[in-house]
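**Student:** give the three-dimensional model of this entry:
(one chain, ligands or ions: 2)
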Amino acid sequence: MSEARRAIAEADRLVVKVGSSALTTAGDGLDAARLDALVDAIAERVSRETQIVLVSSGAIGAGLAPLSLGSRPRDLATQQAAASVGQLALAHAYAESFGRYSLTVGQVLLTSDDVVRRAHYRNAERTFSRLLALGAVPVVNENDTVATEEIRFGDNDRLAALVAHLIRADGLVLLSDVDGLYDGDPRNGSTRKIVEVSDESDLDGLAVGRSSSGLGTGGMVSKVAAARTAAAAGIPVLIAAAAEAKDALGHARGGTAFHAAGSRLSARRFWLGYAAGSSGRLHLDDGAVAAVVSRRRSLLAAGITGVDGDFQAGDVVDLVDPAQRVVARGVVAFDVGELPDLIGRSSHELPDEQRREVVHADDLVPLRHG
Ligand SMILES: Nc1ncnc2c1ncn2[C@@H]1O[C@H](COP(=O)(O)OP(=O)(O)O)[C@@H](O)[C@H]1O
Ligand SMILES: N[C@@H](CCC(=O)OP(=O)(O)O)C(=O)O
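**Tutor:** Numbering: from 1, shown residues only. Ligands and ions are numbered 1, 2, ... in the order given. As a prediction, the model looks like this:
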């Protein structure tokens, strides 16, 4: 058994995410039997003293049938109406189902602001800790009814990865209608399942696509992105079929395991690299990329070739290489309006008051390419 699987099998704290396609069908809405089977697997794990936070999609899917909507609506207002009806059904179904085991659920509906803004992030962390300490199972979803297009997470895979770090989980399990990551979309004939992803090179050349059910949002693309985020932050991930939740949660069997890369990032560095919204971009030359990414140095004005966005000193910005890839993120020390006069110039050419790093090494998180 790989180290990642062992960590998940023995975890004290897990985030389990289940997708719409595993819980709902377009015609009939919520599938109570499948929800019960998932809860059975979670309850079994809780009985082994594992604390579990469940991130559940399915509000929109569960709201379709009661509103006589045939398929997943495309416009945001109807999606929100469906989510409003469906979330209630979903929460009720979980309360009933966990009630069979005398387990209490608590509903946590998050907007992106709750994790993107650092003060809110800490607040959410306190809520989860208290719920878990009281023995409840937090059931999380995006607060779809109030989220607008601009501020939506859009997919719960990313939300689950952020929550996993937020609560300092030992592992993340993403349950879907497919039993893992394949080297191509399994709908397109012969494809091979990837059993272990121990580093980024295991993902080279894979064709990862969108949802097949018409109910899911991000498809395998968002699951792989979320798995990479969690793994980069030191959290192992298992992508598996909801139908095999018992094996996945009980023994970390089946599916695709993503190994944790390195040690766990601090809350601040994780927030900076993966959770915070970006207010702009700094374009770096090759020398600056090497200094910042490989040598972990501060970013100086001399290595910046261009700037875009609308940011102020203290905001988070993306650092971009000449091929337009985001190679790092960091807190910028100047307002956007100050930078055009400084960039490309070395420190000794600058007036004293501007002779400081544009992004200090302590405020900078290098990212892996993908
Ligand atoms: N390389 C791949 N490996 C596995 N599944 C893939 C791949 N590419 C696309 N998919 C599709 O992604 C779907 C899962 O995504 P989605 O429907 O969004 O699930 P969920 O609702 O659980 O989030 C699968 O049903 C599958 O058809
Ligand atoms: N918040 C939405 C789910 C969004 C989402 O990510 O869906 P999925 O791809 O099925 O995990 C809902 O509850 O319908």
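**Student:** tell me which helix or strand in the chain has the weakest average pLDDT.
**Tutor:** Every helix and strand in the chain was compared by mean pLDDT, DSSP states H and E; the lowest is helix 112-116, with a mean of 75.
**Student:** and ligand 2, is it touching that?
**Tutor:** No - Helix 112-116 stays clear of ligand 2 (C-beta under 6 Å from any ligand atom), getting no nearer than 11.8 Å. The way it works is simple: take the backbone N, C-alpha and C, and place the C-beta from them, glycine included.
**Student:** please identify the buried residues of the following helix or strand past that helix?
**Tutor:** As assigned by DSSP states H and E, the chain's next helix or strand after helix 112-116 is helix 118-133. Buried residues in helix 118-133, counted by 16 or more other C-beta atoms under 10 Å: Y121, A124, E125, F128, L131, L132.
**Student:** check which helices and strands the helix or strand following helix 118-133 sits against.
**Tutor:** Counting by DSSP H and E, the next helix or strand C-terminal to helix 118-133 is strand 137-142. Applying 3 or more C-beta pairs under 8 Å, 6 or more residues apart in numbering; DSSP states H and E, one finds that strand 137-142 contacts strand 51-56, helix 76-99, strand 105-110, helix 118-133, helix 156-166.
**Student:** could the buried residues of helix 118-133 be laid out in CSV, adding pLDDT and distance to ligand 1?
**Tutor:** Converted to CSV, the buried residues of helix 118-133 look like this (pLDDT from 0 to 100; distance: C-beta to the nearest ligand atom, whole Å):
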residue, pLDDT, distance to ligand 1
Y121, 78, 24
A124, 88, 22
E125, 88, 25
F128, 96, 22
L131, 97, 24
L132, 97, 24
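**Student:** next up, the contacts around the most centrally placed residue in the chain.
**Tutor:** Note on the chain: the residue nearest the mean C-alpha position is R158, at 2.1 Å, using C-alpha atoms, centre = their mean. When contacts are counted by C-beta atoms under 8 Å, 6 or more residues apart in numbering, R158 is found next to G218, S222, A225, A226, T229.
**Student:** with A257 instead?
**Tutor:** Shown in contact with A257 (C-beta under 8 Å, 6+ apart): S2, A4, R5, I8, V195, E196, V197, P236, V237, L238.
**Student:** please enumerate the helices of this structure.
**Tutor:** Secondary structure of the chain by DSSP state H: the helices cover 3-9, 20-23, 32-46, 59-64, 76-99, 112-116, 118-133, 156-166, 219-232, 245-251, 267-270, 286-289.
**Student:** which stretch in these has the least confidence?
**Tutor:** Note on the helices of the chain: lowest mean pLDDT is at helix 112-116, with a mean of 75.
**Student:** list the buried ones in that helix?
**Tutor:** For helix 112-116, burial by neighbour count (16+ other C-beta under 10 Å) applies to S112, D114, V115, V116.
**Student:** now, which of the residues you listed sits nearest ligand 1?
**Tutor:** Distance to ligand 1 across the buried residues of helix 112-116 (C-beta to the nearest ligand atom) is lowest for S112, with 17.7 Å.
**Student:** redo the helices of the chain as JSON lines? Include distance to T148.
**Tutor:** Converted to JSON lines, the helices of the chain look like this (distance: least, C-beta to C-beta, whole Å):
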{"stretch": "helix 3-9", "distance to T148": "35"}
{"stretch": "helix 20-23", "distance to T148": "20"}
{"stretch": "helix 32-46", "distance to T148": "29"}
{"stretch": "helix 59-64", "distance to T148": "16"}
{"stretch": "helix 76-99", "distance to T148": "7"}
{"stretch": "helix 112-116", "distance to T148": "10"}
{"stretch": "helix 118-133", "distance to T148": "17"}
{"stretch": "helix 156-166", "distance to T148": "16"}
{"stretch": "helix 219-232", "distance to T148": "19"}
{"stretch": "helix 245-251", "distance to T148": "33"}
{"stretch": "helix 267-270", "distance to T148": "25"}
{"stretch": "helix 286-289", "distance to T148": "35"}
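**Student:** burial measure for the nearest residue to F334 once chain neighbours are set aside, as a count.
**Tutor:** Residue nearest to F334 in three dimensions, not counting chain neighbours: A313, with 5.5 Å by C-beta to C-beta, 6 or more residues apart in numbering. Using other C-beta atoms under 10 Å, A313 is surrounded by 12 other residues.
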